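> Return atomic coordinates for the entry below.
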Amino acid sequence: MKTPALPCDSWLVKPAHLAWLNAEGMRLLPFASTSGVAQGFAALDSQGRLPVGASAELIHTTRMTHCFALAHIQGVPGYAHLVDHGIATLQGALRDEQAGGWFADASRRGDKSAYLHAFVALAASSAQAAARPGAEALLGEAIGIIERHFWCEEEGALRESFSRDWSQEEAYRGANSNMHATEAFLALADVTGDALWLQRALRIVERLIHEHAASRGHVVVEHFDKHWQALPEYNAANPADPFRPYGSTPGHSFEWARLLLHLEAALQRAGLAAPGWLLEDARGLFASACRDAWHADGAPGLVYSLDWQARPVVRARLHWVQAEASAAAAALLRRTGEPVYEQWYRLFWEFTASHFIDLQRGSWHHELDADNRPAASIWPGKPDLYHAYQAVLLPRLPLAPSLATALAAM
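Reported below is the predicted structural model:
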């Protein structure tokens, strides 16, 4: 694959835009660096403070460790000890030393989910790329847990979740966990040198996107039973669930579109065949999300979720959706050089700068209401660095290798 040269007026080649992305990343990092607690990393409030009684959660510990590793790889001082803290807590307070795997939070209770364990693998792979002590052992353990419990060779995808002792399995399959497994598998392929992870990622993508989403107008189906029968009414009574919302989630269409292009580039970089439908499906996913979610309720912005007739269900605008939209536009622009993706890329960043970036209190507003005012009905506070930080890094990098490996090679 030879990607086309970008036009000289593209923002992706403009020094000022690239400098702006870098500066925004440097602005995001200090805000997030205050999230450390004894057992890992915890959610911050809208001011960037730890609430009273703040407790470590696996989602924040893994994502922060990943992002701080990316900062360290770039040569930004002050983040190595935060990576090390993340590794230590993933090997200590959040690790189940009896049954294996990781707890969702410092209470050390609850089920073991594929979604969260994919982030453990991602964090470990980035820490390994950053050459931090303890990362290699953590990476090996994360891979072992995925292969023993979550990866299903017969299905070509991840099982969803298990009880603490792995004896009981949830009768559910989810697109979200498998999407983040795809991301993690791309990183694992780079840090281990084992192309098996690319082949596994391709099997996930083929099932979730080329089989299910493509047959539904490139609208991602999120929820399935354990036999991979779609569950279109799943969570209809709880449509704003932050991880398993009812209906379609356009933000995931953007995220999948980008991952398909990363996978295409990674396969070709490894000397493996990349199906032509990867680009075709990436285009389709991006187009459907833009068509159905942008201005869906008559106001600017991307709505959180839609029903199966593409009508808005949850009209909130979430920062992660906006971040993934701009990252997907950048990936398609880099892959194709086509002006339509330049137009969307600029539009998304203009909206982000006008509505999401909080220059007064720091970071980005995580949620806006239907009138684009700061809100907190789904995501209180500002706990997440991951989506925004990746959004300012990805446009500056090639489609392959994955983030940590690409930054280490610069």
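
> His115 contacts Tyr172, doesn't it?
Actually, residue 115 is Tyr rather than His. No: between Tyr115 and Tyr172 there is no contact under C-beta atoms under 8 Å: 11.5 Å. Every C-beta, even on glycine, is put in place using the N, C-alpha and C of the backbone.

> These two: who's more crowded?
Tyr115 (22 against 16; other C-beta atoms under 10 Å).

> and the closest residue to His365 other than its chain neighbours, how far is that from Phe356?
Residue nearest to His365 in three dimensions, not counting chain neighbours: Pro374, with 4.6 Å by C-beta to C-beta, 6 or more residues apart in numbering. Taking C-beta to C-beta, to the nearest Å as the measure, Pro374 falls 9 Å from Phe356.

> again, but for Ser113
Going from Ser113 to Phe356 by C-beta to C-beta gives 28 Å.

> With Asp165 instead?
The value you get for Asp165 to Phe356, if C-beta to C-beta is used, is 42 Å.

> Settle it for me: which of these two has more neighbours?
Counted by other C-beta under 10 Å, Asp165 and Phe356 do not tie: Phe356 has more neighbours, with 22 against 12.

> Count the neighbours of the residue nearest to that one when sequence neighbours are not counted for me.
Closest residue in space to Phe356, ignoring its immediate chain neighbours: Trp364 at 4.5 Å, by C-beta to C-beta, 6+ apart. Trp364 has 23 neighbouring residues, counting by other C-beta under 10 Å.

> tell me the contacts of Trp364?
The contact partners of Trp364, taken as C-beta atoms under 8 Å, 6 or more residues apart in numbering, are 28, 319, 352, 356-358, 382, 388.

> quick one, phi/psi of it?
Backbone torsions of Trp364, given as degrees, to the nearest 10, read phi -120, psi 150.

> what's the answer for the one 10 residues further on, then?
With angles defined as degrees, to the nearest 10, Pro374 shows backbone torsions of phi -50, psi 140.

> Please look at it and Gln360 and confirm they touch.
No: in this structure Pro374 lies outside contact range of Gln360 using C-beta under 8 Å: 10.9 Å.

> tell me the pLDDT at the residue nearest to Phe356?
Looking at Trp364, its pLDDT stands at 98.

> could you show me where the helices are in the stretch 301-410 of the chain, in order?
For the stretch 301-410 of the chain, helices defined by DSSP state H, counting those that start in this stretch occupy the ranges 319-336, 339-351, 386-393, 403-408.

> any idea which of those helices is most buried?
The highest mean neighbour count among those, using mean count of other C-beta atoms under 10 Å, belongs to helix 319-336: a mean of 26.

> Packing partners of the longest helix along the chain?
Looking across the chain with DSSP state H, the single longest helix is helix 250-269. Packing contacts for helix 250-269, counted by 3 or more C-beta pairs under 8 Å, 6 or more residues apart in numbering; DSSP states H and E, involve helix 175-192, helix 196-205, helix 277-293, helix 319-336.

> okay if I get these as CSV plus mean pLDDT?
Shown next, in CSV, are the helices and strands packed on helix 250-269 (pLDDT from 0 to 100):
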stretch, mean pLDDT
helix 175-192, 98
helix 196-205, 99
helix 277-293, 98
helix 319-336, 98
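
> Turn these into a markdown table, including distance to Val221.
Shown next, in a markdown table, are these (distance: least, C-beta to C-beta, whole Å):
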| stretch | distance to Val221 |
| --- | --- |
| helix 175-192 | 6 |
| helix 196-205 | 14 |
| helix 277-293 | 12 |
| helix 319-336 | 18 |
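
> what about those helices, which gets the closest to Val83?
Closest of the helices and strands packed on helix 250-269 to Val83 is helix 175-192, at 14.5 Å (criterion: C-beta to C-beta).

> Just the buried residues of that closest one, please?
Counting neighbours by 16 or more other C-beta atoms under 10 Å, one finds that the buried residues in helix 175-192 are 175-191.

> which intervals of this structure have sub-threshold pLDDT?
Low-confidence segments of the chain (pLDDT under 70): 1.

> same thing but 80
Along the chain, segments meeting pLDDT under 80 span 1-2.

> can you give me the strands for it?
36-37, 40-41, 112-113, 151-152, 157-158, 161-162, 173-174, 223-224, 317-318, 367-368 (DSSP state E).

> burial of Ser163, as a residue count?
Residues near Ser163, counting by other C-beta under 10 Å: 13.

> Does it touch Asp111 like I think?
Yes: if you go by C-beta under 8 Å, Ser163 and Asp111 touch, sitting 5.9 Å apart.

> these two touch, right, Asn307 and Pro245?
Slight slip there: residue 307 is Asp, not Asn. No: applying C-beta under 8 Å as the test, Asp307 and Pro245 come out as separate, 10.9 Å apart.

> Neighbour count: these two, which is higher?
Between Asp307 and Pro245, counting by other C-beta under 10 Å, Pro245 is the more crowded of the two (24 against 14).

> check contacts around that one.
Going by C-beta under 8 Å, 6+ apart, Pro245 touches 222, 235, 239, 304-305, 313-314.

> could you redo the last one with a cut-off of 6 Å?
239, 305 (C-beta atoms under 6 Å, 6 or more residues apart in numbering).

> And it, how far from Pro51?
In terms of C-beta to C-beta, Pro245 sits 25 Å off from Pro51.
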